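Student: Build me a model from this:
(one chain, ligands or ions: 1)
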Amino acid sequence: MDATTAVRKGGSWLLEETVHADVFTPEKLTEEHRLIARTTEEFVAHEVLPALERLEAKDWSAARVLIRRCGELGLLGINVPEEYGGLALDKVSSLIVSERIAPVASFAATFGGQANLCILPIALFGTAEQKAKYLPRLVSGELVGAYALSESGSGSDALAARTRATRGPDGDWRLTGEKMWITNGGFADVIIVFAKVDGEQFTAFIVEKSFPGVSAGKEEHKMGLHGSSTTPILLQEARVPAANVLGEIGRGHKVALNTLNFGRFKLGGMSVGGCRTAIGEAARYAAERRQFGQPIAAFGAIRHKLGEMTARTYAMESVAYRTVGLIEAYLAGSSAEGRVAARPDGPALAGPSASADGHAVAQAFEEFAIEASITKVGGTETLDYVLDENVQIHGGNGFVKDYSAERYYRDARVNRIFEGTNEINRLLIPGMLVRRGVKGDLPLVAAAKRLQDELLAPSSPAARLDEAGPLDEEARAVAAFKKVALMVLGTAMQSYGQKLSDEQEVLSYAADILIDTYAAESAVLRARAALAGRYDHADLHQAAASVFANDAAQRVEHAARSALAAVADGDTLRTLLAALRRVLKVAPVNTVALRRRLADATVAQGRYIVG
Ligand SMILES: Cc1cc2nc3c(=O)[nH]c(=O)nc-3n(C[C@H](O)[C@H](O)[C@H](O)COP(=O)(O)OP(=O)(O)OC[C@H]3O[C@@H](n4cnc5c(N)ncnc54)[C@H](O)[C@@H]3O)c2cc1C
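Tutor: Residues are numbered from 1 along each chain as shown. Take a look at the predicted model:
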């Protein structure tokens, strides 16, 4: 991990300035990180892809073999301490694996069910006995894991689960209920099950499929992810030993939410990996496919698509790496406070997070829950955009199964539904910010007030455009987005007070502004680092960041106008809209030329080129 990454609080980027040297980017990966990337890519290309037909035929013995291979390669225990068979590496390494496992999304779901949803909660919340009993066999891939939170009547409203746990006379638990849509359900050995003790106290349990009363229902017939098992898990007076409560009774929400915080972050990272693969395939196809006597890659309409796919991917990739850098820096900070043991003799990648105790890691995930939701929503929606354009670039071939464009498109759709729907995550983003502001954890209210005073003061003359250096205009645009976000949040807080959570449309507009702000800033900071460090393709970094920031300005303006018009009217609205126009003065950029440059470089190299 780069030593310069600054320790910050979650959400503080909205109120503070960040310099490029403080931000973690893919360009700062070490040789060891790159080795993990190559290992995962080769595993997917040479072992997972050839098994796809068997996986899609629901031959779960093939999935077991692949999970076992993941264990042998160390991919399942990236963040697990060595004493439990893991590699004890940093969180960057686990992001890299998530990105690189993405091209076969069915197996990526199987892998995520095991590594993110079963191994992670045991590693974070398990007792020493539970970790010793389950982790080594899960990390080696001998056992397959799953996570059973959802029920037919409670998906988004997961804490309304009806599965009950009652204590038997022998002290063991009896679990009764039905869990729905459980990834790996058809062949999992160990399942993290959430149930309410005596119908009230939401609690997590480690349940073995072999326990009496536990069984899997029939495989679901899905739109995509045909190579991943999804079944109900039936619990009929299932006998669970007293020692298998995970975490504390009545504190199951802590296990569920912190598991999802990191899981959804990694799903965002996985989505970025999917974007990169699809861009490469789209570019190669566009170079080969000829119409009207020339490659379709020569047409402006196709160059626009490839350029835009690249710019959006660049922004979300920057988001994912910046966020994992923040998590690592936060854990390093807690190390300084003495909560995390130093590892002078650890492997090169063993950052502070590798040896942090479960409590410290769960706290770090909670601290950056806003950024995790941004990565999830931004990543999954960028992926859907990229995969839709990938089908379009492939024309009729995009609609038939001979090309992977069709599978990618179907497989990706569920990403906006699981790990918290994108609607729920959108509500969480401003909701968590406002809550931290009200609690005084972030000086949000004071910043909104300062902005109000600034907007009411006579305006100072704007800086001359011809003085701008590279990406200065884009950086100014990002500063303006932050003001717009504060204006919308501040006005909404003032108008609705406690009832703000009822105003979902306004909150969703605020979320869109916050997502674009964090993404544009992450892209601009990364591109500035590329220019300052004279990295390869620094001009492409600059082009991608510039396209993204310029288009984000239009989206931010639209979202802000819509939100403000819902919150205010009459003279107040007119004043707010005038202030919005003043703040959001972004100099126009020739994004057509920049997208062409990105597209041409992508086609020339036959791959996503920027990072
Ligand atoms: C392939 C697949 C694999 C899965 N794997 C797992 C797994 O391994 N483990 C597991 O526990 N679950 C799993 N799930 C379940 C998944 O997490 C849920 O489907 C998801 O949480 C959404 O819940 P739901 O389907 O009940 O939709 P609902 O909650 O009914 O939502 C329906 C719609 O209403 C919206 N909505 C709901 N509440 C609100 C609100 N308060 N405000 C605004 N909008 C709202 C949603 O955003 C959505 O658009 C999986 C699902 C699928 C399809």
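Student: Check what contacts the helix or strand encompassing residue 205 and list those residues.
Tutor: In the assignment (DSSP states H and E), residue 205 maps to strand 201-208. For strand 201-208, contacts defined as CB atoms under 8 Å, 6 or more residues apart in numbering pick out 121-122, 125-126, 130, 134, 148, 159, 161, 165, 173, 175, 189-197, 214, 235, 238, 240, 244-253, 255-256. (Each C-beta comes from the backbone N, C-alpha and C, glycine too.)
Student: What about the residues you listed, which are in helices?
Tutor: 121, 122, 125, 130, 134, 252, 253, 255, 256 (DSSP state H).
Student: Which of the residues you listed sits closest to residue 501?
Tutor: Taking CB to CB as the measure, residue 253 is the one of the ones in helices among the contacts of strand 201-208 closest to residue 501, at 17.8 Å.
Student: Pull up the gap between the residue nearest to that closest one when sequence neighbours are not counted and residue 427, please.
Tutor: Of all residues not flanking residue 253 in the chain, residue 202 sits nearest, at 5.6 Å (CB to CB, 6 or more residues apart in numbering). In this view, residue 202 and residue 427 are 20 Å apart by CB to CB, to the nearest Å.
Student: now residue 85
Tutor: 39 Å.
Student: Which one's more surrounded, the two?
Tutor: Just comparing residue 85 and residue 427: by other CB atoms under 10 Å the higher neighbour count belongs to residue 427, 20 against 17.
Student: Can you give me the buried ones in the helix or strand harbouring the more buried one?
Tutor: Here residue 427, judged by DSSP H and E, is contained in helix 422-439. Within helix 422-439, the residues scored as buried using 16 or more other CB atoms under 10 Å are 422, 424-434, 436-437.
Student: ok, which of these also contact the ligand?
Tutor: By CB under 6 Å from any ligand atom, the members of the buried residues of helix 422-439 lying near the ligand are residue 424.
Student: Could I get the buried residues of helix 422-439 in CSV, plus columns for distance to residue 208 and pLDDT?
Tutor: Formatted as CSV, these follow (distance: CB to CB, whole Å; pLDDT from 0 to 100):
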residue, distance to residue 208, pLDDT
422, 34, 98
424, 31, 97
425, 32, 97
426, 37, 98
427, 36, 98
428, 33, 97
429, 37, 97
430, 41, 97
431, 37, 96
432, 35, 96
433, 41, 96
434, 42, 95
436, 39, 94
437, 44, 92
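Student: tell me the contacts of the closest residue to the ligand within the stretch 501-611 of the chain?
Tutor: Taking CB to the nearest ligand atom, the ligand has its nearest neighbour within the stretch 501-611 of the chain at residue 504, 5.8 Å off. Residue 504 is in contact with 423, 427, counting by CB under 8 Å, 6+ apart.
Student: What residues does the stretch 451-600 of the chain have near the ligand?
Tutor: residue 504.
Student: where are the low-confidence patches of the stretch 451-600 of the chain?
Tutor: Applying pLDDT under 70 to the stretch 451-600 of the chain flags residues 458-467.
Student: Once you drop chain neighbours, what's closest to residue 139?
Tutor: Using CB to CB, 6+ apart and skipping the chain neighbours, the partner closest in space to residue 139 is residue 77 (3.7 Å).
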